[in-house]
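Chemist: The sequence and its predicted three-dimensional model are supplied below.
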Amino acid sequence: MSVSATPSMASAAVRARMVQRLAAQGVADARVLRAMGTVERHLFVDSALVNQAYEDTSLPIGLGQTISKPNVVARMIELLLGAPALANQPEERLGRVLEIGTGCGYQATVLSHVAREVYSIERLRGLHERARVNLRPFRLATVHLLLGDGMIGYAKGAPYAAIIAAAGGESVPQTWIDQLAVGGRIVAPTQSAAGGQALVVIDKTQAGLQRSVLEAVHFVPLKSGIA
């Protein structure tokens, strides 16, 4: 269960220190830093963990899932904003974004500050309901929470300017690529050659797909179906 704001956790200074750490770790996009400094992460974690909310660590959110580290959230969103279609447009927002794995709703809320519209899909009913409760006070008309199988995406909202995944599979599903607009970008963890996971960036261009494999990461497994 989420908690109401406490004076220490709700202070802008606490979030400002987190943003300073993110900048020191290499996050440079002003849009991302502003969004990370705005969204109150402590409202998305259990009361027993609230004092760790702004540390650079992942935290359990129930049902075997986690809220990603602030650095990972910022890094992946910065990669989305680095798509060629947004090159040399430092204040431009992303268009419609599909998020695979809503979790507690934290990343969807951050995305709402850098994208015009967010569709976020969660396969675990308990987390979907939790995210709905967490986001209700924010009244985010541009964020749409969906209960469904993230592996098949959400065709009704396609095409997407960007797709971001909070779970890693053996490869990026073809359905995501099909639902991505030309000029769009996917950022997702996938299985690496060494057997772990690595961040993968896929750009969909007029000439085809361009794929880059980046740093090692650790995410929960990507699964199909609804539970």
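Modeler: Received, thanks. Remember, it's a predicted structure, so these values are computed and weren't measured experimentally. Residues are numbered from 1 along each chain as shown.
Chemist: Going along the chain, name the helices of this protein.
Modeler: For the chain, the helices defined by DSSP state H occupy 7-10, 12-24, 30-38, 70-81, 106-111, 125-135, 174-179.
Chemist: got a markdown table for the ones you listed, with mean pLDDT, distance to Ser58 and mean neighbour count too?
Modeler: Where you see a C-beta, it was placed from the backbone N, CA and C, and this is true even at glycine. Below are the helices of the chain laid out as a markdown table (pLDDT from 0 to 100; distance: least, CB to CB, whole Å; neighbours: other CB atoms under 10 Å):
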| stretch | mean pLDDT | distance to Ser58 | mean neighbour count |
| --- | --- | --- | --- |
| helix 7-10 | 52 | 18 | 12 |
| helix 12-24 | 93 | 14 | 15 |
| helix 30-38 | 96 | 15 | 18 |
| helix 70-81 | 97 | 8 | 23 |
| helix 106-111 | 98 | 11 | 25 |
| helix 125-135 | 97 | 15 | 18 |
| helix 174-179 | 98 | 23 | 16 |
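Chemist: Specify the stretch among those helices that is closest to Arg93.
Modeler: Among the helices of the chain, the nearest to Arg93 by CB to CB is helix 30-38 (7.8 Å).
Chemist: tell me how far that closest one is from the chain's mean position?
Modeler: In terms of CA atoms, centre = their mean, to the nearest Å, the centre of helix 30-38 is set 13 Å apart from its chain centre.
Chemist: hmm, who's touching that helix?
Modeler: With CB atoms under 8 Å, 6 or more residues apart in numbering as the test, helix 30-38 has contacts from 12, 15-16, 18-19, 22-23, 27, 70, 73-74, 77-78, 81, 90-91, 93, 110-111, 113-114.
Chemist: same check, this time on stretch 78-93
Modeler: 27-32, 94, 97, 114-116, 161-162, 164, 183-185, 187, 199, 201, 203, 205, 214.
Chemist: Kindly report the same for stretch 109-116.
Modeler: By CB under 8 Å, 6+ apart, stretch 109-116 touches 31-32, 34-36, 38-39, 44, 73, 77, 80-81, 93-97, 99, 118, 120, 135, 138, 140, 142-143, 161-162, 164.
Chemist: Same check on stretch 148-157?
Modeler: Stretch 148-157 is contacted by residues 96, 98, 100-101, 119, 121-123, 144, 146, 163, 165, 167, 169, 173, 175-176, 178-179, 222-226 when judged by CB under 8 Å, 6+ apart.
Chemist: Next: stretch 59-69.
Modeler: For stretch 59-69, using CB under 8 Å, 6+ apart, the contacting residues are 41, 44-46, 49, 52-53, 56-58, 101, 103-104, 106-107, 124, 126-127, 130, 166, 219-220.
Chemist: how does it look with 6 Å?
Modeler: 45, 49, 56-58, 103-104, 106, 124, 126-127, 220 (CB atoms under 6 Å, 6 or more residues apart in numbering).
Chemist: Only whichever of those are buried, select them in PyMOL.
Modeler: Command for PyMOL that selects the buried part of the contacts of stretch 59-69, burial taken from 16 or more other CB atoms under 10 Å:
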select buried, resi 45+49+58+103+104+106+124+127+220
